[in-house]
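**Q** Here is a sequence with its predicted model. Questions after.
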Amino acid sequence: AAIAAMLAALKADCAYVPIDTDSPAERVQHVIRAAEPRVVLTSAAATGLLDGLAGIGVLTSSTLLGSLEEHLSSEHYKSTFARSDWEQFDARAPTARNGEHDVAHILFTSGSTGIPKGVVITHANVTSFVSWANAYFGMGRHDRWSGHPPLHFDLSTYDIYGTLASGAQLHLVPASLNLLPHKLAAFIRDSELTRWFSVPSILSYMVKFGAVGQDDFPTLEKLLWCGEVLPTPVLMELMQRLPHVAFTNLYGPTEATIASSYHTVLQPPTNEAEDIPIGRACDGEDLLILDEQQRAVPAGEIGDLYITGMGLSPGYWKDPHKTSEVFLESPRSQAGETRMYRTGDLASWDDTGLAHFHGRADFQIKHRGYRIELGEIEAALNTLDGVRECAVVGVATAGFEGTQICCAYAPASHNVQVRMLRVRLRDRLPSYMIPSRWTEMELLPKNANGKVDRKVVKEWFEDEERRVRRD
Ligand code: AMP
């Protein structure tokens with residue numbers, strides 16, 4: 001129903017904003033206030049969130065509320081129309097049509113100042129990637145494709161439009177299977193999937209729990225991942241267990257639409273320390289690795305990774321300031337290429353012309369596949385009375401969760417407990433953003449400028465991790 005609603009929005013010459021119904025109303029309100037939707041389409045599953053939003057007073061009297069099922073109502077709201085009244089609607093096709101440079105959807109991602117930012121995606125952004133990917137992955141009517149990421153993640157854009165454009169079947173993976181690796185593996189087998197596409201953490205999880213057997217998933221031909229580093233030991237085990245499958249690493253930020261580069265791994269890595277390249281640019285895109293003066297760096301040197309080409313979003317919704325900070329003029333503008341996006345990623349070229357990823361230059365992390373600005377968590381903590389100051393850092397782990405979220409805080413009074421902070425944060429942040437490790441400090445370490453020194457805080461958590469492992 002949600003996918004049908006997205007198509008309906010496009011057909012009606014509109015753009016849509018998928019909303020994470022697991023996020024608390026306190027956070028979703030920023031999305032609604034920024035997007036100013038004329039219509040909010042919802043289902044019974046989101047009544048709790050709607051109640052919260054209506055309680056805060058975000059839905060204005062001019063917002064139409066549509067329900068994907070029967071009419072919904074609570075003490076705060078009543079849906080204006082529902083799928084059950086569809087016979088009353090005009091059956092004629094609308095005459096207005098979206099053009100290729102019109103907005104198709106806006107995807108909100110974590111923002112470092114505490115307010116999610118909306119990445120505007122046009123029709124041309126999507127069709128460019130879909131046509132390259134459908135040709136490269138040989139998508140056809142006999143394919144059975146996984147729909148694993150939630151619909152507010154940009155990876156799901158390819159699941160939806162890649163399958164619709166090729167006539168392949170889309171098998172939406174129930175989110176409840178994410179904690180049940182053996183059931184998830186059974187889903188892949190029973191649905192006879194030919195293609196799997198997800199973030200790495202779920203693959204690591206299946207491998208860790210021994211859910212993938214030797215020569216398992218006999219119908220599977222291609223396995224793709226995107227969004228963060230797939231640990232090399234996990235890839236080695238998957239390649240050994242699934243010798244009939246081709247493995248591709250896709251790389252790219254939401255701001256450049258789904259993915260911008262790819263690398264199909266032909267030979268299993270020979271040692272666990274080998275990193276897997278993010279590869280070459282997809283058709284219509286290009287990767288630039290530049291130094292601080294925006295000059296191309298030679299092979300082997302690490303620089304800032306920029307993306308140019310067809311996938312580039314026009315920018316952040318109603319935020320020209322943020323847009324101008326990261327969507328810059330390309331140094332190759334004489335060649336007709338005007339814009340480039342600064343990803344915040346560090347990368348290098350190898351001698352064979354493949355790009356390699358070397359982490360972030362800022363405070364954005366990936367945790368269980370979710371893109372998180374640590375600043376958003378700090379901003380939420382700073383709104384709580386019990387916190388005088390805090391620093392949230394990401395600590396890399398070998399586990400399936402990727403980066404662990406760790407918080408050091410100085411309490412404002414004696415009776416502040418971590419349990420209380422966690423509970424209160426849940427009203428402000430989705431559960432995947434709540435720090436899993438905490439430490440109380442009387443004062444946070446400061447650098448020479450008097451600012452909180454996150455490097456020292458991070459080292460503290462890394463040392464503690466080593467101590468715990470030793471004991
Ligand atoms: P998102 O906008 O959620 O797709 O997140 C984009 C960020 O995820 C990138 O800027 C990278 O930091 C990271 N990322 C995406 N794909 C990969 C990959 N294949 N390997 C390593 N990091 C990745």
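**A** Sure thing, it's come through. Numbers count the residues shown, from 1 in each chain.

**Q** Tell me the residues on the stretch 1-150 of the chain that lie near the ligand, please.
**A** residue 109 (CB under 6 Å from any ligand atom). To be clear about C-beta, it is placed using only N, CA and C from the backbone, and glycine gets the same treatment.

**Q** which stretches of the stretch 1-150 of the chain form strands?
**A** With strands called from DSSP state E, counting those that start in this stretch, the stretch 1-150 of the chain shows them at 39-42, 64-67, 81-82, 103-109, 117-122, 144-147.

**Q** Repeat that for the stretch 351-471 of the chain.
**A** Ranges of strands in the stretch 351-471 of the chain, per DSSP E, counting those that start in this stretch, are 355-360, 364-367, 370-373, 387-396, 403-411, 437-440.

**Q** contacting residues for residue 213?
**A** Contacts of residue 213 were listed using CB atoms under 8 Å, 6 or more residues apart in numbering, and they are 185, 241.

**Q** at 10 Å what do you get?
**A** 185, 189, 241, 242 (CB atoms under 10 Å, 6 or more residues apart in numbering).

**Q** Using PDB, list the CA coordinates for stretch 218-236.
**A** C-alpha atoms of stretch 218-236 as PDB (Å, rounded to 0.1, in the frame of the first residue of the first chain):
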ATOM      1  CA  PRO A 218      20.500 -22.100  -4.800                       C
ATOM      2  CA  THR A 219      18.500 -19.500  -6.800                       C
ATOM      3  CA  LEU A 220      20.600 -16.500  -5.700                       C
ATOM      4  CA  GLU A 221      22.900 -15.100  -8.500                       C
ATOM      5  CA  LYS A 222      23.900 -11.700  -7.200                       C
ATOM      6  CA  LEU A 223      24.400 -10.200  -3.800                       C
ATOM      7  CA  LEU A 224      24.900  -6.500  -3.500                       C
ATOM      8  CA  TRP A 225      25.600  -4.400  -0.400                       C
ATOM      9  CA  CYS A 226      25.800  -0.600   0.100                       C
ATOM     10  CA  GLY A 227      25.900   1.900   2.900                       C
ATOM     11  CA  GLU A 228      28.900   0.900   4.900                       C
ATOM     12  CA  VAL A 229      32.000  -1.300   4.900                       C
ATOM     13  CA  LEU A 230      31.300  -5.000   4.800                       C
ATOM     14  CA  PRO A 231      33.900  -6.600   7.000                       C
ATOM     15  CA  THR A 232      36.300  -8.600   4.900                       C
ATOM     16  CA  PRO A 233      36.000 -11.800   7.000                       C
ATOM     17  CA  VAL A 234      32.300 -11.800   6.400                       C
ATOM     18  CA  LEU A 235      32.800 -11.400   2.700                       C
ATOM     19  CA  MET A 236      35.400 -14.300   2.700                       C
END
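
**Q** Now do the buried residues in that stretch.
**A** Across stretch 218-236, burial judged by 16 or more other CB atoms under 10 Å covers 220, 222-232, 234-236.

**Q** what does stretch 415-424 give?
**A** 416, 421, 424.

**Q** Please name the residues that touch the closest residue to residue 366 other than its chain neighbours.
**A** Nearest non-adjacent residue to residue 366, counting by CB to CB, 6 or more residues apart in numbering: residue 228, 4.0 Å away. By CB under 10 Å, 6+ apart, the contact list for residue 228 reads 199-201, 251, 357, 365-371, 402-403.
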